[in-house]
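this one's sequence-less:
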């Protein structure tokens, strides 16, 4: 694979609370990007079945009207819907980063699934810590989700939304020689003119800084709110409409020096943003500042990370060293009692 190729970032409204319609729309966008020469297409945070803006708009009792439908329309690993996305990648010879609400058992997770051009899922990650009220909907990921994978187009990693404000998580990604980073965002007009930190200036700034700090390309797809979605959630309530205005799409693609590589799509318009990238640019950026390489100060600061997959239930035979730990704790308790 050449070091020069085209990438695509989707700025489009989801088919909110309709997973199958969302899959149909996604396949159409995948096909369009492939026809335009893209080797990678990226979707926004929880694009399937849409970001749950309702959790920011009203009390929990009011939110219950959406809870069941959101759960039912979240995607499962190994499902027919996943197979359709895999086939679209295979048929169009394109890689896909899909932001989704992943359903596993009785829990939901903010997930990003990376399909390669053969349709294989090469990275299935979860957001480590859902932000603020997101924690009323989603469970947590773990250190195994801070993962960069080698693909035919380069080393690709993914984070979602305010994970880009987590210095240690970012550093764990930088240390894996990430070349192309997918920064998935929801719409960026939630609480417009009420909460500056939720807006495009701060969050696009976070994506830009990631590109500079990590010396990598950042593809930052962003969703938007349509009048249809606003009507579904707000039902004519003007206070809610002020908190969730139409639009909010601020998709960006950044080079390793922080420069933007594509013209903006109007915030209330759907489209696909394209950029031609050249991985050779990374060498120039790393020459100046490689944060986990020559620019690191290992004798002063280091990152400790647990990459083991965590589970709420562990079989005794799989719990290496558990007996020793139990014995040590028991001995410590006995000593304290004396």
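Happy to help now that I have it. Everything numeric in this text was worked out from a predicted model, so none of it was measured.

what ranges of the protein fall below the confidence cut-off?
Filtered on pLDDT under 70, the chain yields the residue ranges 1, 316, 318-326, 338.

can you pull the contacts of the residue most central in space within it?
When the chain is reduced to its mean C-alpha position, the nearest residue by Cα atoms, centre = their mean turns out to be residue 160, at 3.0 Å. Residue 160 makes contact with 45, 99, 110, 112, 127, 183-185, according to Cβ atoms under 8 Å, 6 or more residues apart in numbering. For glycine as for every other residue, the C-beta is placed from the backbone atoms N, C-alpha and C.

quick one: residue 283 is in a strand?
No: with DSSP: H, G, I helix; E, B strand; the rest coil as the criterion, residue 283 is assigned helix and is not in a strand.

count the neighbours of it for me.
Counted with other Cβ atoms under 10 Å, the neighbours of residue 283 add up to 10.

ok, now residue 278?
By the criterion of other Cβ under 10 Å, residue 278 has 12 neighbours.

what of residue 281?
Look at residue 281: counted by other Cβ under 10 Å, it has 19 neighbours.

surely it touches residue 257?
Yes: because the distance of 7.4 Å satisfies Cβ atoms under 8 Å, residue 281 is recorded as touching residue 257.

would you list the contacts of residue 160 in a markdown table and tack on neighbour count, secondary structure and distance to residue 76?
A markdown table is the format used below for those (neighbours: other Cβ atoms under 10 Å; DSSP: H, G, I helix; E, B strand; the rest coil; distance: Cβ to Cβ, whole Å):
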| residue | neighbour count | secondary structure | distance to residue 76 |
| --- | --- | --- | --- |
| 45 | 27 | coil | 18 |
| 99 | 28 | strand | 16 |
| 110 | 30 | strand | 15 |
| 112 | 26 | strand | 15 |
| 127 | 28 | coil | 17 |
| 183 | 30 | strand | 25 |
| 184 | 30 | strand | 19 |
| 185 | 27 | strand | 24 |
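
now, the most widely separated pair of the residues you listed?
Farthest-apart pair in those is 110 and 183; separation 13.4 Å (Cβ to Cβ).

separation between residue 223 and residue 337?
57 Å (Cβ to Cβ, to the nearest Å).

then residue 49?
From residue 49 across to residue 337, the span is 55 Å (Cβ to Cβ).

who has more neighbours out of the two?
In this view residue 49 and residue 337 are compared by other Cβ under 10 Å, and residue 49 has more residues nearby, 26 against 6.

got the contact list for the nearest residue to the more buried one once chain neighbours are set aside?
If the residues on either side of it in the chain are set aside, residue 49 comes closest to residue 73, at 4.0 Å by Cβ to Cβ, 6 or more residues apart in numbering. By Cβ under 8 Å, 6+ apart, residue 73 lies in contact with 17-19, 22, 49, 101.

now render these as JSON lines, adding distance to residue 265 and secondary structure.
Converted to JSON lines, the contacts of residue 73 look like this (distance: Cβ to Cβ, whole Å; DSSP: H, G, I helix; E, B strand; the rest coil):
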{"residue": "17", "distance to residue 265": "24", "secondary structure": "coil"}
{"residue": "18", "distance to residue 265": "23", "secondary structure": "coil"}
{"residue": "19", "distance to residue 265": "25", "secondary structure": "helix"}
{"residue": "22", "distance to residue 265": "20", "secondary structure": "helix"}
{"residue": "49", "distance to residue 265": "22", "secondary structure": "coil"}
{"residue": "101", "distance to residue 265": "24", "secondary structure": "strand"}
